[in-house]
Each structure stands twice: as C-alpha cells, then as structure tokens.
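**Q** Here is the input, now give the coordinates:
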Amino acid sequence: MRAMILAAGYGTRLWPLTVDRAKPAIPFMGRPLVGYMAEYLSRYGFGDIVVNLHHRPESVRSALGDGSRFGVRLHYVEEPDILGTSGALDNARHLLEGDTFVVANGKLATDIDLAAALETHRRTGALATLILRRNAERERYSIVEVSEGHVQGFGGFPSSDNAGDEDVPLMFTGIQVLDSRVFELIPRGVYSDSVPAIYKPAIARGDVVAAHIAEGAWYELSTVKRYLETSVALMRGEGRDVELGEGASVEGGAEVSESVLWEGVKIASGARVRRAVLGAGVEIGSGEVLENVAVVRADLVAGEERPEKGLAGEVRGANFVAPLPG
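**A** Numbers count the residues shown, from 1 in each chain. Sure, this is the predicted structure:
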C-alpha cells in the first residue's frame, strides 16, 4: 500500500527552528519529524511513501535518505510553487493512482489505530474517509459536521464558552483514506485545497465521505510551543524529560530539564536550562539561565527576515533567543 505525507509547508510558526532546515527535517524523538510519521505508517503495512518537498528540499532528502531506516521506501516529489493540500496529490498522481491510499499531515505524532480507519473505509465504500477526533478542549480546529457516519460539511472554530457541554465538536486529525476516484475532482496543474476541491463537491454530488472517529493520542507540532510540549509529554512516557541530539553534551553541574537539545549542543557546568529547545551547535555558558525559550545560533538568523508568524527574539552573545508564548 502507498501513502503520502504532506510536508511542503514553510513551517513559519516553527521559526527560528526552521531557519536552517525544512519542517520535515527537524529532530523529533531521535529522528526527523517526517521519519516519525513514516514509522507510524510502516506499522500498518505502508511500504511506499510519497513525500512532497518545497522549502529547503535538500535538508529533507539529507535527513530522510531513501527511507530504509524507517522501514519504508520514500518517493520525493518537488513543488517549485506550493500546490496546496489537493494540488500536492495531483502532482503525485502518477505515484498514487490505481488503489486506495492514505494521506497524512507531516507534523503529527499519534498512535491512532489506522487499521480501524481502513476498515471503515472499506466497509462504507467511501470516496474518502476522514479520521476525526473529539475536540473536548475546544481548541482552534475547524468543526467537522457529521451525521450517521458521513461528513456533511465543515464549520468554523468551536466556541470556548461551550466548554464542558456534552455536545463535543469533532475535528479533523490530518489523516485521511482516499479512493483513487478523488483524482476525478482535483484540477490539474494548479493550486488547490482538499475541502473546496474534493470534499465539498463530493458531498454535493452524493459521494460518501465517511467519518471515522478515533481514540488515542494525537499531537500536532505546528508551533515551537507545541513541539516542546509534545516532546516532553512523550519523553515522560519513557521516564525522562531531556532529549540529546547527536554529539550534544551536558557537563556535570549543569541543570537541564524538560528540554530538547539538537545535534552538537554544549551546556557548561553551572548553566540552568528548563523548558527550552536548543538548536544545532548552540553553546550555553556557565551561569546562563534559560527558561521557556527557543535558541538557535545567531549567525543563522543574521540577515534573515523573521516570518510574520515566527517567534520574535534577541541576540545574546552567539545565540538568538526567542521566548515562547505563555
């Protein structure tokens, strides 16, 4: 079976972590972020996985290679211009047509039972099956309207005023099972997104768009804060709270907790680091105190324009330090 991981976005909300690499290539739990999703798909029998590239494609190819270390074969398709969530499928249709396939967002960490969703898709004979979850916290994810197991439409964001009500809204997890017939709806060679290009027309013409409501852990790593919170949550499940990248070192006498250290990070004795993400090659001297921040080398951001949704920060010595939002 084949699957596609959507990974072409800029990752602006992860800046400054994406200043020297694309979002799919950032380290996550000892592997590149998209590698984590590739391993998840591999566990359900997906051996060939398509990955779309746009921003800094060389960093993704270098980090992921041919996919063998994740138990899959990776097929890269480049997008000189961003094509959108369904335009990306059109660009890869030569690799996906002819059979049912799965599409997953590349910024997810989850243990949702994909086999159960595939069974829902087969049982309903759906054109598409959206894997949904209950949004009990009423986070800012669009509401998916469902009736009798079928997706009927898409609404706005849930109101936090209704927190605690029994009527919990449903949200899309970013994972979908698609029949090859979806290519009949996707325009050729242009930008397009899945909701207006596939789902709304499909529902309007009477196609079945099935809703599979899943349980299980689900995290979306779209911001630096979520990246850190997710990393800490998963590390605690393993009985630890610090991730050390290749070549990273922490001298005795340093205090480090709830933090992710990328490759080559060095923390001197007497430093204190808590709830921080330290990018590649960052060095923290004795006596420095860092908390609730993302830090990259200052030379990486020199002359770079901060994206509108990126974290603001300041240069402190050889480092660029960006506080995380509360």
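**Q** quick one, strands of the stretch 51-200 of the chain?
**A** For the stretch 51-200 of the chain, the strands defined by DSSP state E, counting those that start in this stretch cover 73-78, 101-105, 108-110, 128-134, 144-147, 150-154, 170-178.
**Q** For Asp241, see how far away Arg93 is.
**A** As defined by C-beta to C-beta, to the nearest Å, Arg93 lies at a distance of 44 Å from Asp241. For glycine as for every other residue, the C-beta is placed from the backbone atoms N, C-alpha and C.
**Q** Figure out which of the strands of the stretch 51-200 of the chain is closest to Ala248.
**A** Across those, Ala248 has its closest neighbour in strand 108-110 (21.0 Å, C-beta to C-beta).
**Q** Now do the buried residues in that closest one.
**A** Across strand 108-110, burial judged by 16 or more other C-beta atoms under 10 Å covers Leu108, Ala109, Thr110.
**Q** pretty sure the second one is touching Glu229, no?
**A** Meaning Ala109. No. Contact criterion C-beta atoms under 8 Å: Ala109 and Glu229 do not qualify, at 11.1 Å.
**Q** Now for the two: what residues contact both?
**A** Common neighbours of Ala109 and Glu229, using C-beta atoms under 8 Å, 6 or more residues apart in numbering, do not exist here.
**Q** Which residue, other than its chain neighbours, is closest to Gly9?
**A** Leaving aside its chain neighbours, Gly9 sits nearest to Lys23 (6.1 Å; criterion: C-beta to C-beta, 6 or more residues apart in numbering).
**Q** Please enumerate the helices of this protein.
**A** 33-42, 57-64, 84-91, 93-96, 114-124, 194, 200-204, 224-237, 298-301 (DSSP state H).
**Q** weakest of those helices in terms of mean pLDDT?
**A** Ranked by mean pLDDT, the helices of the chain end with helix 57-64 at the bottom, a mean of 90.
**Q** lowest-confidence helix or strand of the protein?
**A** Across the helices and strands of the chain, mean confidence by mean pLDDT, DSSP states H and E is lowest for helix 57-64: a mean of 90.
**Q** Contacts for it next, please.
**A** Contact partners of helix 57-64, identified using C-beta under 8 Å, 6+ apart, comprise 7, 20-22, 24-25, 32, 34-35, 38, 51, 53, 70, 74, 76, 78.
**Q** And for stretch 22-31?
**A** With C-beta under 8 Å, 6+ apart as the contact definition, stretch 22-31 has outside contacts at 5, 7, 9-11, 14, 17-18, 32-34, 36, 39, 51, 53-57, 59-60, 62-64, 70, 106-107, 109, 221, 227, 231, 234-235, 243, 245, 260, 262-263.
**Q** Next: stretch 203-217.
**A** For stretch 203-217, the surrounding residues in contact (C-beta under 8 Å, 6+ apart) are 109-113, 116-117, 120-121, 124-134, 144, 146, 149-153, 170, 173, 177, 199, 202.
**Q** From one end of that stretch to the other, what's the distance?
**A** When the termini of stretch 203-217 are compared using C-alpha to C-alpha, to the nearest Å, they are 29 Å apart.
**Q** roughly how far apart are the residue nearest to Gly9 and Val182?
**A** 25 Å.
**Q** go on, Leu324?
**A** 38 Å.
**Q** State the phi and psi torsions of the residue positioned nearest the centre of the chain.
**A** The residue lying closest to the centre of the chain (C-alpha atoms, centre = their mean) is Lys107, at 0.4 Å. Backbone torsions of Lys107, given as degrees, to the nearest 10, read phi -110, psi 30.
**Q** Verify the stated contact: it with Pro32.
**A** No. When contacts are counted by C-beta under 8 Å, Lys107 is not listed as touching Pro32 (11.8 Å).
**Q** Next up, the contacts around Ile175.
**A** Contacts of Ile175 by C-beta under 8 Å, 6+ apart are Val102, Val103, Ala104, Asn105, Leu108, Thr110, Ile112, Leu114, Ala117, Ile131.
**Q** pLDDT value on it, please?
**A** 98.
**Q** Looking at strand pairing, list the partners for it.
**A** Assessed by DSSP bridges, Ile175 has beta-bridge partners Ala104.
**Q** again with Glu78
**A** With DSSP bridges as the rule, Glu78 is bridged to Leu53.
**Q** Count the neighbours of it for me.
**A** Using other C-beta atoms under 10 Å, Glu78 has 13 neighbouring residues.
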